[in-house]
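A.B. asks: prediction below, plus the sequence it came from.
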Amino acid sequence: MMWYDYIGWIAGCALIFFSIAFVMTSVLEKEARAVFMGLIVLVPLCFVWFLLLTQLYVYRAEILGLGIVGIVLFGLILFVPFGKKGSLQIVRPLERLDERDIIFARMRYQENSEAYNDYYRRHPELKTTDDKVRRMPTLYEPGSENYHVINSPVPQACFDFLEDIRGTTEAPPHAENRDIDPERMSLRLKGLAKYYGGRDAGIAVLNEGHTYTHVGRGQGKYGDVVKLDHKFALVFTVEMDRFMVRQAPSLTVYVESANQYVKAATIAISIAYYIRSLGFSARAHIDGNYRIIVPPVAVDAGLGEIGRIGLLMTPNLGPRVRLGAVTTDMPLVPDKPISFGALDFCEACTKCAENCPSGAIPQGDKKIVRGVEKWFVNQEACYTYWRKSGTDCGVCMNVCPYSKPNTFVHNSVRYAAQHSVVARRGAKWADDFFYGRFPKSNKKPEWLIS
């Protein structure tokens, strides 16, 4: 055999290995379309390649040479760093956000209450829209599309639990300050977050622009000025189960969201208790009881980038995570922000926007929001759909190509997308081809079936 034969056989074996890995991965993930498309595309491709190796005699060297050159070039443009990744652009000083303005706070204001009267006196333009949404069934009440008399109370029980424990999120230190090594303690806290069940963890210097100005919900009195003197924030992710997310926009996603918010809360509260036991101040930030805007703090902590859907995009799981955080005055060593091509990927991929049932996610360009250049998601439209459907949706999380499971096949695609602009464009096309432009699954876990 000539040199090009050896290279051809190596390339053929690699092609077969990846094809088998893709089909088997798709089978295990119960992705029927991906299995079918893989079989009708990859199997013939392998057959043609090996036909060239074993049966072609005329112009053999030339054809194999061209094929090998094509494979090499294909590998280079996919895996060699190529093109700009982009990064978060802060175009002017950050404008702090009043928590009273977010939709989750506004929906807690009961008609004719002190908070209700005060807020709509200052924002009369929102009253009619908010009252209309307020009259809709809540996510766990009869009347919504996904309401189930037995299953809907499952996630609500989790959120009731979070309400009950919100008083544990902050307290004075339990002892005198201990001498600690900031670098070792930083490693310890991040390690604890992962040991307790977190996926990734990072530390950031807390930017005041990422703290709320006034209390809108949770612990404390409505309208109180937020006072948070902590310098550092430990932020961590918890993974949303892929199978549960695949059912979006069903009640299954709401069940999984509630589960992960409870997990994030227990991790954050446990770490806050630990920090206080060493004599330092610490506050856990959990669902419904935040003093900071966690996603941009997570960006500062090096956990990911803010994508088109307004959520944190992580390198390994995309937006398929929930966040938890602990702020503290304990001296720590911050991590650095990362740029892995998520912003550039989101520029080209509008899959979340096209699938969004509420139309809340923009298909166009970024805007300047409170001093930051980002995509502006319509929180009112998004939440209104939540109330209509009786679940916190999750369609955008499900369809995002970055949300695929942590497997060899998907990690290979993510690695390429993080390094090459060509791969980022190709990954979007391949995801549409193999998984569909509008992917959806109706297979629920057996224990949630009526």
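C.D. replies: Looks like it arrived, so ask away. Numbers count the residues shown, from 1 in each chain.
A.B. asks: the stretch 201-350 of the chain: helices as residue ranges?
C.D. replies: Assigned by DSSP state H, counting those that start in this stretch, the stretch 201-350 of the chain shows helices spanning 242-245, 251-277, 294-300, 342-348.
A.B. asks: for Ser403, find the nearest of the ones you listed.
C.D. replies: When these are compared by C-beta to C-beta, helix 242-245 sits nearest Ser403, at 7.0 Å. Quick note: C-beta positions are derived from backbone N, CA and C, even for glycine.
A.B. asks: picking that back up, and Ile361, which of the helices of the stretch 201-350 of the chain is closest to it?
C.D. replies: Ile361 lies closest, by C-beta to C-beta, to one member of these: helix 342-348, at 10.2 Å.
A.B. asks: for the closest one, list the C-alpha coordinates in CSV.
C.D. replies: Taking Å, rounded to 0.1, in the frame of the first residue of the first chain, the C-alpha atoms of helix 342-348 are listed here in CSV:
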residue,chain,number,x,y,z
ALA,A,342,-21.2,31.7,22.9
LEU,A,343,-22.0,35.3,21.9
ASP,A,344,-20.8,34.7,18.3
PHE,A,345,-22.8,31.4,18.2
CYS,A,346,-25.9,33.2,19.4
GLU,A,347,-25.5,35.9,16.8
ALA,A,348,-25.9,33.2,14.1
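A.B. asks: state the mean pLDDT of that helix.
C.D. replies: Averaging pLDDT along helix 342-348 yields 89.
A.B. asks: which strands and helices lie in contact with that helix?
C.D. replies: The criterion is 3 or more C-beta pairs under 8 Å, 6 or more residues apart in numbering; DSSP states H and E, and the helices and strands that helix 342-348 contacts are helix 421-435.
A.B. asks: list the buried residues in the helix it packs on.
C.D. replies: Along helix 421-435, these residues count as buried under the neighbour rule (16 or more other C-beta atoms under 10 Å): Val421, Val422, Ala423, Arg424, Arg425, Gly426, Ala427, Lys428, Asp431, Phe434, Tyr435.
A.B. asks: could you dump these into a markdown table with pLDDT added?
C.D. replies: Putting the buried residues of helix 421-435 into a markdown table (pLDDT from 0 to 100) gives the following:
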| residue | pLDDT |
| --- | --- |
| Val421 | 82 |
| Val422 | 81 |
| Ala423 | 83 |
| Arg424 | 84 |
| Arg425 | 82 |
| Gly426 | 84 |
| Ala427 | 86 |
| Lys428 | 86 |
| Asp431 | 92 |
| Phe434 | 91 |
| Tyr435 | 91 |
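A.B. asks: which one of the helices of the stretch 201-350 of the chain lies closest to Gln110?
C.D. replies: Distance to Gln110, taken as C-beta to C-beta, is lowest for helix 251-277 among the helices of the stretch 201-350 of the chain, at 22.8 Å.
A.B. asks: what packs against that closest one?
C.D. replies: Packed against helix 251-277, as judged by 3+ C-beta pairs under 8 Å, 6+ apart, are the following elements: helix 153-164, helix 182-195, strand 232-239, helix 242-245, strand 282-285, strand 321-328.
A.B. asks: circling back to that earlier point, ok, the buried residues of helix 421-435 vs Phe159, which is closest?
C.D. replies: Distances from Phe159 to the buried residues of helix 421-435, taken as C-beta to C-beta, are shortest for Tyr435 (31.7 Å).
A.B. asks: where's the nearest residue to that closest one once chain neighbours are set aside relative to Asp160, distance?
C.D. replies: Among residues not flanking Tyr435 along the chain, Ala34 sits closest, at 5.6 Å (C-beta to C-beta, 6 or more residues apart in numbering). Applying C-beta to C-beta, to the nearest Å, the value for Ala34 to Asp160 is 39 Å.
A.B. asks: sorry, back to before: dump the helices of the stretch 201-350 of the chain to CSV, plus mean neighbour count.
C.D. replies: Formatted as CSV, the entries for the helices of the stretch 201-350 of the chain read as follows, by neighbours: other C-beta atoms under 10 Å:
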stretch, mean neighbour count
helix 242-245, 20
helix 251-277, 22
helix 294-300, 24
helix 342-348, 22
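A.B. asks: returning to that earlier point: neighbour count for Ala34 and Asp160, which is higher?
C.D. replies: In this comparison of Ala34 against Asp160, neighbours counted by other C-beta atoms under 10 Å, the higher total goes to Ala34 at 22 against 12.
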